[in-house]
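Novice: Give me coordinates for this.
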Amino acid sequence: MIAPALILRHLARPAMLAGVFAAIAPGSSRAATPPQLVLQNGRAVPIAAVSFQNGQLLVKETTPEFASNTTIPMAQADYVTGDKPAEINQAIALMLTGKPRDAAKLLDPLLAQHLCTNKLPGNFWLEAARAATIAHALDANPKAAGDLIKAISDATPAQGTDPYYNLVRAISQAGAAKVQDGVDAYGVIANDNLPADLCAYAAFFRAELLREHKRDAEALEGYLSISCLFPSGGLTINGLARFRAAEMLVAMKRRDEALALANSATRCVRGTAVEEPLKKLLESIQ
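Specialist: From the prediction side, this is the model:
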């Protein structure tokens with residue numbers, strides 16, 4: 001595991017972070033481009049403007065490329081482009097701050113709207129479905145989580161059972177297991193050769209469990225390690241991990257380090273439920 005002091009030095013680079021987050025964070029000055037289905041002939045249609053019926057796409061409203069009530073064979077769909085729907089990061093923030101049911105409710109309409117794209121390159125359904133799977137697991141709804149795992153596995157048959165199944169199982173067992181067993185279960189996932197987003201979630205839940213049981217030094221190290229070990233694990237989860245670490249550092253009277261972390265988290269959580277609490281933390285530090 002990386003030493004906390006080294007992690008803090010890596011993270012406390014405001015000038016560098018400002019440039020990086022300005023380019024990739026939600027809420028930047030550039031207007032968002034809604035997700036679109038690009039067809040094999042190069043034409044595109046906004047996903048929000050179509051419905052899927054009997055193997056075809058029905059254009060529900062006139063778009064720059066298509067008249068209302070036009071039908072498009074699904075076989076002509078090539079890939080998905082555009083910006084990630086804001087609901088995904090908003091839902092991730094909700095479920096990681098104790099509101100998994102609200103997260104699932106936010107994701108349900110998005111999953112229905114994007115279901116027809118779930119096997120296309122660039123689709124947003126897969127990330128939303130995995131987030132919803134975690135939300136259902138946290139909300140003690142194993143059937144809904146299991147149904148989504150099956151749907152994800154069906155959409156990605158080459159990989160077999162989706163590896164998020166392991167995280168769902170760890171979440172479901174964490175409440176009944178001994179604390180160390182839960183910590184170890186999350187640790188196995190976080191340290192396995194698995195997708196970065198899955199590892200980041202497991203590492204976050206491990207740190208949360210440690211913090212809940214007053215193992216503050218281990219929890220702090222866990223939060224701090226997420227951005228370094230899994231930088232591509234997701235902007236929101238990385239930002240929230242830094243926010244949690246900043247809260248702990250404030251309690252430890254390490255205000256300069258807390259300020260650097262809180263500032264670096266600001267762009268990561270913009271537009272989510274974490275934005276306001278983070279703003280209040282920053283005000284209390286400065």
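Novice: can we go C-alpha only for contacts and neighbour counts from here?
Specialist: Noted.
Novice: any weak-confidence spans in the stretch 151-286 of the chain?
Specialist: 176 (pLDDT under 70).
Novice: Which parts of it are helices?
Specialist: All helices of the stretch 151-286 of the chain, identified by DSSP state H, counting those that start in this stretch, fall at 164-174, 179-190, 196-212, 216-229, 235-251, 255-266, 275-285.
Novice: Nearest to residue 64, out of those helices?
Specialist: Proximity to residue 64 (CA to CA) singles out helix 235-251 among the helices of the stretch 151-286 of the chain, at 32.3 Å.
Novice: What lies in contact with the closest one?
Specialist: Helix 235-251 is touched from outside by 25, 89, 92-93, 200-201, 204, 216, 220, 223-224, 226-227, 231, 255, 257-259, 261-262, 264-269, 274, 278, 281, 285, with contacts defined as CA atoms under 8 Å, 6 or more residues apart in numbering.
Novice: Of the residues you listed, grab the buried ones for PyMOL.
Specialist: Under the burial definition 16 or more other CA atoms under 10 Å, those of the contacts of helix 235-251 that qualify are selected in PyMOL by:
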select buried, resi 25+89+92+93+200+201+204+216+220+223+224+226+227+255+257+258+259+261+262+264+265+266+267+268+269+274+278+281
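Novice: give me every residue that touches the residue lying closest to residue 46 once chain neighbours are set aside.
Specialist: Spatial nearest neighbour of residue 46, chain neighbours left out: residue 36 (4.1 Å); criterion: CA to CA, 6 or more residues apart in numbering. By CA under 8 Å, 6+ apart, the contact set of residue 36 is 44-47, 80-82.
Novice: hmm, 10 Å instead?
Specialist: 43-50, 79-83, 117, 123 (CA atoms under 10 Å, 6 or more residues apart in numbering).
Novice: next one: phi and psi at it?
Specialist: phi -130, psi 150 (degrees, to the nearest 10).
Novice: What of residue 271?
Specialist: Per degrees, to the nearest 10, the backbone of residue 271 is at phi 80, psi 10.
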